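S.K.: 3D model of this:
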Amino acid sequence: MIKLQRKKDFIWYRQMFVYKKLPLSRKRILENYPFYKRLSSKYQKQFEHRVAHFISQKNFKNRYGESVTDEQFVLPACVACELTFGRRQYTYGMLDTLLFFPEPFTSPTNNALHKGEYNPSARVLAMSWPDFLQGMADSNDNLHLGLHEFCHVLHFESEHSTNVDAQRFHKQHQLILRRLMDPEVKKRLDNTAFFREYAFTNQYEFMAVLTEYFIESPRQFKSNFPILFKCYQTALLYKDEWLDWTVE
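M.R.: As a prediction, this is how the structure comes out:
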């Protein structure tokens, strides 16, 4: 009886390490995702598992009732999991629903047109699907709607959650804000105009814009602002090998 129980326990223990897999139609989309293609085979298995798990945990909807496509399941999940690949908590616990619009939409908060918006009360992330795709199409312009909006979710989590990943993000965010008060950093920000003007709207937009530059222009980011880069890299526990250093 004891031997049988140990066997059952071993099987249960092994099941904890079984990777989730995507259906073939979705796996083909994943295999064309640039971040996935840069990973080693070991990390590819982990990434696919996380993408599949993320999809299983969230609601995906089109605003006007159209069926959600495989691309709409897989690509946002890939972006979300790329950003949290260094974290243990990667499923965005304060997000339940991804809502896609066919174009920029009017926000109920300010009646302005938005390409993306996170509503923490409803736990909904709304995005214009064409603009999401546009952000993915050009990986060198530091404009990526998906990365930008998922960072807003992580930022909100960092202020309202006690998990270790959220607290790490919060600590590094505070270090970044203090660093921005340094006169030399402020002068360099002005002189280089490296980050686009929208970054200085408020602290939340600054972190979201940093995310876009961190993923799409890591070489230039690190060269221009090495300490800010290190803080952000630490906030996500991000390995150098996961970044694309080939962009000049």
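
S.K.: mind listing the strands for this structure?
M.R.: Using DSSP state E, the strands found in the chain span residues 59-62, 97-101, 105-106, 113-114, 116-119, 124-128.

S.K.: residues making contact with the last one?
M.R.: Think strand 124-128. With C-beta atoms under 8 Å, 6 or more residues apart in numbering as the test, strand 124-128 has contacts from 63, 76, 95-105, 114-119, 145-146, 149-150, 153. (C-beta placed from N, C-alpha, C; glycine too.)

S.K.: go again with 7 Å.
M.R.: Strand 124-128 is contacted from outside by 95-101, 103-105, 115-118, 145, 149, 153, using C-beta atoms under 7 Å, 6 or more residues apart in numbering.

S.K.: buried deepest among the strands of the chain, which one?
M.R.: strand 124-128 (a mean of 22; mean count of other C-beta atoms under 10 Å).

S.K.: export that one as PDB, just CAs?
M.R.: This file holds the C-alpha atoms of strand 124-128, laid out as PDB (Å, rounded to 0.1, in the frame of the first residue of the first chain):
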ATOM      1  CA  VAL A 124     -10.400  44.600 -18.700                       C
ATOM      2  CA  LEU A 125      -7.700  45.500 -21.200                       C
ATOM      3  CA  ALA A 126      -9.200  47.000 -24.400                       C
ATOM      4  CA  MET A 127      -7.200  47.500 -27.500                       C
ATOM      5  CA  SER A 128      -7.700  48.500 -31.100                       C
END
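
S.K.: ok, that strand: who's next to it in the sheet?
M.R.: Taking DSSP bridges as the criterion, strand 124-128 forms sheet pairs with strand 97-101 (parallel), strand 116-119 (antiparallel).

S.K.: low-confidence ranges in the chain?
M.R.: Applying pLDDT under 70 to the chain picks out residues 1-17, 248.

S.K.: now do the helices in it.
M.R.: 2-15, 24-31, 34-38, 41-57, 70-83, 129-137, 145-160, 164-180, 183-192, 203-216, 218-224, 226-236 (DSSP state H).

S.K.: which residues does the second one contact?
M.R.: For helix 24-31, contacts defined as C-beta under 7 Å, 6+ apart pick out 22, 36, 48, 51, 70-71, 73-75, 78.

S.K.: so can I have CSV of the residues you listed showing neighbour count and distance to residue 238?
M.R.: Shown next, in CSV, are the contacts of helix 24-31 (neighbours: other C-beta atoms under 10 Å; distance: C-beta to C-beta, whole Å):
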residue, neighbour count, distance to residue 238
22, 20, 23
36, 18, 16
48, 22, 19
51, 30, 17
70, 15, 28
71, 14, 26
73, 22, 25
74, 24, 22
75, 22, 20
78, 25, 16
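
S.K.: so which of these is the closest to residue 137?
M.R.: Residue 137 lies nearest to residue 75 out of these, by C-beta to C-beta, at 11.2 Å.

S.K.: look up how far residue 171 lies from the closest one.
M.R.: Computed as C-beta to C-beta, to the nearest Å, the residue 75 to residue 171 distance reads 31 Å.

S.K.: ok so, going back, ok, which of the strands of the chain comes nearest residue 213?
M.R.: So among these, strand 116-119 is nearest, using C-beta to C-beta, at 17.2 Å.

S.K.: tell me the gap between the closest one and the middle of its chain.
M.R.: Its chain's C-alpha centre lies 14 Å from the corresponding centre of strand 116-119 when counted by C-alpha atoms, centre = their mean, to the nearest Å.
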